[in-house]
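Q: Here is the input, now give the coordinates:
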Amino acid sequence: MKQNLDLFYYHQLQEKQYQAWENKCLNCGACCGLQDGDPCEHLRMSTEGKSSCDIYENRFGLHKTQQGREFRCVPIRDILHKSWPGDCGCAYKYKTDPS
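A: Just a heads-up that it's a prediction; the model follows:
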């Protein structure tokens, strides 16, 4: 019984950490190629200027840009050490809150 409770709380903690990580994203689209002018074919823009991926849950792997260039979509943590156009505003790379 205790092992089941531990597993339950572990999964709860994992989900909470996942949501906190996901909530950092400002939906700017820079990591999806929006700033370099050839974004992923799955990138969509809202009327509020926020970007989103129309296949977000299945985004990792080989895809194409809107102009047809192939690229591999990877977890953001795999590219945080690299630079890309517009990354200066990425909340994953830089602290964005004033505190």
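Q: Now do the same contact list for Arg59.
A: The contact partners of Arg59, taken as CB atoms under 8 Å, 6 or more residues apart in numbering, are His42, Cys53, Cys73. To be clear about C-beta, it is placed using only N, CA and C from the backbone, and glycine gets the same treatment.
Q: which one is the residue nearest the centre of the chain nearest to, not counting chain neighbours?
A: Central residue of the chain (CA atoms, centre = their mean): Ile76, 5.7 Å from the mean position. Leaving aside its sequence neighbours, Ile76 sits nearest to Tyr92 (CB to CB, 6 or more residues apart in numbering; 5.3 Å).
Q: now do Cys25
A: Ala91 (6.3 Å).
Q: per-residue pLDDT, that neighbour?
A: Ala91 carries a pLDDT value of 91.
Q: any chance you could map the helices in the chain?
A: Secondary structure of the chain, counting by DSSP state H: helices at 2-24.
Q: Based on its surroundings, how many neighbours for the nearest residue to Met45 once chain neighbours are set aside?
A: Of all residues not flanking Met45 in the chain, Ser51 sits nearest, at 5.6 Å (CB to CB, 6+ apart). Ser51: 19 surrounding residues under other CB atoms under 10 Å.
Q: Confirm for me that Ser51 is in contact with Cys31.
A: No - in this structure, Ser51 is not within contact of Cys31 by CB atoms under 8 Å, at 9.5 Å.
Q: Strands along the chain, start to end?
A: 43-45, 51-53, 61-64, 70-73 (DSSP state E).
Q: helices or strands next to the last one in the packing?
A: Under the contact criterion of 3 or more CB pairs under 8 Å, 6 or more residues apart in numbering; DSSP states H and E, strand 70-73 touches strand 61-64.
Q: Right, I'll call it a day here.
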